[in-house]
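A.B. asks: The sequence isn't on hand, but the structure is:
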């Protein structure tokens, strides 16, 4: 058995049975092993951010890691933005990167690069499997690292001779490390704050946004009057009927400061302290009010649901009903607006839909209008590297079979990863992309005005995506995805309903 | 004056007047400075490899660096493959990357990443301008580093507060470091080898492939019987009538070993020793024959033309006429073939065309069929990160105004960087792309067979680009580029002639 075969056996034995791939020459023995050994679903992406973004989306829905197969050096580099977003979303990925044969590396062949160095900035774990005999054991450790709470990017670098040499030994799955529990002192401290103080916020992140944790948070809120809020960007929120009506920390600096100004205490539950995406001249980096105290109930890697339950019990909080969001919205009519789009999604989405949200400026107010939708999941970009949406939609669809994925996708961002449409077509994935075509980097035009000026000709040349306009229907068709335009809410609703009735992908170019 | 303004003034004063851009929020003050200060041509790319690849192509033709404008962290990561290829092509680039404000970095905001660490693997020079007062001086050093022979990627990281703070001081241009001359001992040693030994090869790389150096190499070859060959991949060869009829070291391992087996001495002129792109089981990493001696006339950074002239004089070699390649080929007719395509290019290209060659497997034999073309330049992928072609075509067109760019482009590679078509349309660049549509990763199918097996279903799912077929005419049209299909040499010739008569870009999908 060669090293590559031991790798495939080890991955399958560790429960990793989906591999997102973009192979090159140095990975051919790995490809051959995947061909010979049954059991791995292999999904091709035509650029590496499709691969890494899909692995991110897969983790978020399947709650277990996929593997990747990336080409050496620059192939990894092409997927780093997707890995960066996955790292920020706390997604587990077994990121496998081919490399030059160990003995060939000193010749500094054209594709030779600092693969380990590039991997490190986006990985919690990096290991190079330098011998065929070790590949199996190294892979088992990488899977364990990927599954370590809250989920980690574990990069395994596979020199081609470690793949092709004989002597491979499949390794048994290593145990998934237990999720660390909250410190009892932290629970008691949070209870003390909630009992004694007013104006307290529970800021929920990560797994605190799943249904079970939400029920415990609702008990606490109902018993104490504390308010609940989600982080600004969240890997996966379970939302809609039967879940909390949670809003999130606003993206815009002034609005975020305003949203938090009344709180004297913020209890962090799998959440980071609320800070700005960027620094701005004369504005604060942190969003909490002066004098506000931050308390940690659970760190990012700790068990939010059990900590919230312990906290509710410490407070003797009775069971509490989840809030009633009121009736489901009707499908709206008339001119397009952000609220109208959100209502259309709420009105028409199939139960159990997965929303992949890269709507950027257009989508800042979507949350309140979708509280009364059927139960669904909402995925956001946690790392800020744009283009996350189309690949994450691929992975979410594969990680949540039978569920409709609705991608709310800004045009400028989509142009970083349009190749994902091809994979959606090849795999016949039930992804409905609502492409928000405003033909500009709207967020940057806003940021530019913050600089204190209106953009002139040179600046607009860098902020405007028109001239030429991108034809999204043609672009989708060119990659095998059916597509059509809509410019009214009725048109949007018609196309959404049509697309939900089809098994494969569809793109709606929304002329906003 | 703020730091960003001092940066723009310093760049312009140092002769850098083209900036390829893909900005984000942290770069808005740099964008504003570019807007306020006239003189910089700003060209938008919709993904960062378009930006870095264009800067590579620009250097190759303009022989001076362009600047880039990349977004922090993952934005840089998205452009690393283009920088890797530029590094291998020895192209000079002033690679400017925005970043978090210095004081905001400790908060570890979502887009925060190890920008310096990622830059290092693709740069000869990395500096973070941590104070507005220093930005001008740091930029002048970066331009100097980019222009240091043979050309280097110089990364200047620009935290947003270094941009917006007042106190910027424009810096004067620093002198371009002199190109090091060859060691006189190396010249005498090469002369000795050429006088005393038979079976000697001059292996030419880098600037040894420009017209002036070729004339000196021809003197030496004519006087001594030495053979001349180019490296396997070359940033820019001046070719066609009046230039050498140079072939190159073959890509395929066995063919390269065979091409070099008769040489007992190889004299390297701005060339690396000939080695394989990859290691393969049981095959050599190096291509020279056992017992063959390698000699260095000039290292990569040394002046090839003056060294070759000194060598010719040491040998008392008389002036020698350049070889006559025979008559220009007629436009071929009939079924498509690699030879036919090469002949069509040779027959129809305008004088002074720039060929951007990412033809991969289909193009391995193009060289001999284009010796009798009019004088032209031929650019290749030196780093092996695929997708180099479409962006390098953008930069070559801007770096060589008035000249037709002909991009011979494999389909699988083009799918890494299709966004370059949009920039070609926006800038109305005279780029004719001949898109070689074979709907598979042909090179990998060959490599897979080398593993010793025919690909099965799982492997073909990773090597085949059909299902769905990519519609290149639609894809080009969606980004504003006119396009049409050809399936015969006549059809190809008609479309090439049409495209050469138009001012802007055109894509010919060649169904091979």
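C.D. replies: Yep, it's here. Everything numeric here is computed off the predicted structure, so don't read it as measured data.
A.B. asks: going forward, measure contacts and count neighbours with C-alpha atoms only.
C.D. replies: OK.
A.B. asks: Contact partners for the residue nearest the centre of chain A?
C.D. replies: Nearest residue to the geometric centre of chain A (Cα atoms, centre = their mean): residue A:235, 4.6 Å. Contacts for residue A:235 (Cα atoms under 8 Å, 6 or more residues apart in numbering or on different chains) come out as A:60, A:89, A:90, A:206, A:378, A:379, A:380, A:381, A:382.
A.B. asks: Check residue A:163 too.
C.D. replies: Contacts for residue A:163 (Cα under 8 Å, 6+ apart) come out as A:2, A:3, A:4, A:5, A:27, A:29, A:30, A:132.
A.B. asks: Which of the helices or strands spans it?
C.D. replies: helix A:160-164 (DSSP states H and E).
A.B. asks: cool, and residue A:7?
C.D. replies: Assigned by DSSP H and E, residue A:7 falls in helix A:3-13.
A.B. asks: I'd like the average pLDDT over that helix.
C.D. replies: The average pLDDT within helix A:3-13 is 98.
A.B. asks: contacts for that helix?
C.D. replies: Contacts of helix A:3-13 (Cα under 8 Å, 6+ apart): A:17, A:29-30, A:33-34, A:37, A:39-40, A:131-136, A:139-140, A:143, A:162-173.
A.B. asks: do stretch A:249-262 as well
C.D. replies: Against stretch A:249-262 from outside (Cα under 8 Å, 6+ apart): A:199, A:229-232, A:274, A:276-277, A:283, A:287-289, A:364.
A.B. asks: 6 Å - rerun?
C.D. replies: For stretch A:249-262, contacts defined as Cα atoms under 6 Å, 6 or more residues apart in numbering or on different chains pick out A:231, A:232, A:287, A:288, A:289.
A.B. asks: just the helices in the stretch 201-350 of chain A please.
C.D. replies: Remark: helices assigned in the stretch 201-350 of chain A by DSSP state H, counting those that start in this stretch are A:211-224, A:253-260, A:304-314, A:338-348.
A.B. asks: hmm, back to that, does any bit of the helix or strand just after the helix holding residue A:7 sit next to chain B?
C.D. replies: Next helix or strand after helix A:3-13 toward the C-terminus (DSSP H and E): strand A:18-21. No - applying Cα under 6 Å from any Cα of the partner chain, one finds strand A:18-21 separated from chain B by no less than 7.2 Å.
A.B. asks: and strand A:18-21, how far from the chain's centre?
C.D. replies: The chain centre lies 17 Å from the centre of strand A:18-21; the measure is Cα atoms, centre = their mean, to the nearest Å.
A.B. asks: what pairs with that strand, and is each one parallel or antiparallel?
C.D. replies: Looking at strand A:18-21 with DSSP bridges, its partner strands are strand A:41-44 (parallel), strand A:67-70 (parallel).
A.B. asks: separation between residue A:92 and residue A:151?
C.D. replies: 4 Å (Cα to Cα, to the nearest Å).
A.B. asks: go on, residue A:409?
C.D. replies: Distance, residue A:409 to residue A:151, by Cα to Cα: 26 Å.
A.B. asks: do residue A:195 as well
C.D. replies: Between residue A:195 and residue A:151 the computed distance is 33 Å (Cα to Cα).
A.B. asks: filter the contacts of residue A:235 by proximity to chain B?
C.D. replies: Okay, of those, nothing touches chain B (Cα under 6 Å from any Cα).
A.B. asks: which of those sit farthest apart?
C.D. replies: A:90 and A:378 (15.4 Å; Cα to Cα).
A.B. asks: Neighbour count for the two, which is higher?
C.D. replies: Taking other Cα atoms under 10 Å in any protein chain shown, residue A:90 and residue A:378 do not tie; residue A:90 has more neighbours (26 against 20).
A.B. asks: nearest residue to that one other than its sequence neighbours?
C.D. replies: Distances taken as Cα to Cα, 6 or more residues apart in numbering or on different chains put residue A:151 closest to residue A:90, at 5.1 Å, once the chain neighbours are dropped.
A.B. asks: now residue A:362: how far from residue A:444?
C.D. replies: Distance from residue A:362 to residue A:444, by Cα to Cα: 13 Å.
A.B. asks: Kindly report the same for residue A:326.
C.D. replies: Taken as Cα to Cα, the span from residue A:326 to residue A:444 is 36 Å.
A.B. asks: between these two, who's got more neighbours?
C.D. replies: Per other Cα under 10 Å, whichever of residue A:326 and residue A:444 has more neighbours is residue A:444, with 21 against 10.
A.B. asks: Chain A - how does it break down into domains?
C.D. replies: A:3-164, A:184-314, A:338-511 (automatic domain parsing).
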